[in-house]
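Chemist: below are the sequence and a predicted model for it; my questions follow.
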There are 2 protein chains.
Amino acid sequence: MKKPESKLTDAELEIMHVLWELEGGTVRQVHERLNQQRPLAYTTVMTMMSILEEKGHLTRHKEGRAYRYQPVRPKSQVISGMVDDFVGRVFEGSATPLIVSLVKDKKIPKKDLEEIARMIRESE
Amino acid sequence: MKKPESKLTDAELEIMHVLWELEGGTVRQVHERLNQQRPLAYTTVMTMMSILEEKGHLTRHKEGRAYRYQPVRPKSQVISGMVDDFVGRVFEGSATPLIVSLVKDKKIPKKDLEEIARMIRESE
DNA sequence: GTTGACAGACGAAATTTTTAGTACTACATA
DNA sequence: TATGTAGTACTAAAAATTTCGTCTGTCAAC
């Protein structure tokens, strides 16, 4: 049964990253990818992908013998939701301190900083 | 037994926020705060705070009959670590897309944007 | 000294998240 | 048609997180 939406857990996010990159794939494909980083049973990946399908993050259709899974929403949209959630939990709603902290003590390449500055100018 | 460090879970973070704001407090004080937002047993808060103490995020000392808990590290430092973790998991290490997405989504008041732009200029 | 309120210790239930085992099906092919 | 293989469904164990109950001790007020 499909639920409308739901928060992505850590392990689920890993899988979504692979599928966004591959633009969809089978359990086997995803398993092969993740397994390079850390041992993980095939069925574990399958279970996770089923859950993601139930949660409405993936759809699937038969392709030959196996299912092919595809992300329902684009990466940008899902991640934007996660950012909102993060800002809510960690910064109690206000995104400004997050940016300030990122710009200040994180290593953003100078080039990117310039681009960001330009973006801000243009958005006004 | 104290472990050196550890990731903050959601519920733990809620408590840390209260203690950062109050600059330390008793279980009762924290419980009263959180209870305004959602029902929560006194002992639940107590357990969480004990765990936070074991994890090294809080210290405590007797004050009258009760313990007074205090954050070990300043909010800015802990949150900076959480941002790193988040950037790693969600943005696969690169913070730039996060900033871009925040600025683009227009979640930042114009006034703050200007200040950020100034910050960038000055950091060069 | 009894009683009631407050506080913590301890143990553990409930829930969520993560991981995996086993059995069953379809298919190719020897 | 017997057999190995790829794939899934179903089930559930394991681990982590969140929640809370009960018991015990202390202290103040009566």
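Modeler: Looks like it arrived, so ask away.

Chemist: which bits of chain A sit near DNA strand D?
Modeler: Residues of chain A lying close to DNA strand D (Cβ under 7 Å from any atom of the strand) are A:26-28, A:42-43, A:46-47, A:50, A:65-67. All C-beta atoms are positioned from the backbone trio N, CA, C, and that covers glycine.

Chemist: close to chain B, is stretch A:91-107?
Modeler: Yes: using Cβ under 8 Å from any Cβ of the partner chain, stretch A:91-107 reaches chain B at A:91-92, A:95-96, A:98-107.

Chemist: how many other residues sit next to A:Met48?
Modeler: Applying other Cβ atoms under 10 Å in any protein chain shown, we find 22 residues neighbouring A:Met48.

Chemist: now the one 4 residues further on
Modeler: For A:Leu52, the tally of surrounding residues (other Cβ under 10 Å) stands at 25.

Chemist: now, which of the residues of stretch A:91-107 next to chain B lie within strands?
Modeler: Nothing among the residues of stretch A:91-107 next to chain B maps onto strands, per DSSP state E.

Chemist: these two touch, right, A:His57 and A:Glu12?
Modeler: Yes: proximity of A:His57 to A:Glu12 meets the contact threshold set by Cβ atoms under 8 Å, at 7.3 Å.

Chemist: per-residue pLDDT, A:Ser80?
Modeler: Model confidence at A:Ser80, given as pLDDT, is 91.

Chemist: and it, which of the three is it?
Modeler: Applying DSSP: H, G, I helix; E, B strand; the rest coil to A:Ser80 yields a three-state assignment of helix.

Chemist: with A:His61 instead?
Modeler: From three-state DSSP, the assignment for A:His61 is strand.

Chemist: how about A:Tyr67?
Modeler: Quick answer, by three-state DSSP: A:Tyr67 is strand.

Chemist: for it, what are its contacts?
Modeler: The contact partners of A:Tyr67, taken as Cβ atoms under 8 Å, 6 or more residues apart in numbering or on different chains, are A:26-27, A:60-61.

Chemist: returning to that earlier point: neighbour-wise, which of A:His57 and A:Glu12 wins?
Modeler: A:His57 (22 against 18).

Chemist: grab the nearest non-local neighbour of the more buried one.
Modeler: On the basis of Cβ to Cβ, 6 or more residues apart in numbering or on different chains, the spatially nearest residue to A:His57 that is not a chain neighbour turns out to be A:Val72, at 5.8 Å.

Chemist: confidence score at the one you found?
Modeler: In this model, A:Val72 carries a pLDDT of 96.

Chemist: please report phi then psi for it.
Modeler: As for A:Val72, its main-chain torsions (degrees, to the nearest 10) stand at phi -80, psi -40.

Chemist: separate out the buried members of the contacts of A:Tyr67.
Modeler: Among the contacts of A:Tyr67, those classed as buried by 16 or more other Cβ atoms under 10 Å in any protein chain shown are A:26-27, A:60.

Chemist: may I see these arranged in JSON lines, with pLDDT and distance to chain B as well?
Modeler: Converted to JSON lines, these look like this (pLDDT from 0 to 100; distance: Cβ to the nearest Cβ, whole Å):
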{"residue": "A:Thr26", "pLDDT": "96", "distance to chain B": "22"}
{"residue": "A:Val27", "pLDDT": "97", "distance to chain B": "22"}
{"residue": "A:Arg60", "pLDDT": "95", "distance to chain B": "24"}
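
Chemist: A:Tyr69 reaches A:Leu22, doesn't it?
Modeler: No: A:Tyr69 sits out of contact with A:Leu22 when judged by Cβ under 8 Å, with a separation of 9.7 Å.

Chemist: who touches both of the two?
Modeler: A:Val30.

Chemist: neighbour count winner among the two?
Modeler: Regarding A:Tyr69 and A:Leu22, a neighbour count based on other Cβ under 10 Å identifies A:Tyr69 as having more, with 25 against 15.

Chemist: distance of that one from chain B?
Modeler: 20 Å (Cβ to the nearest Cβ, to the nearest Å).
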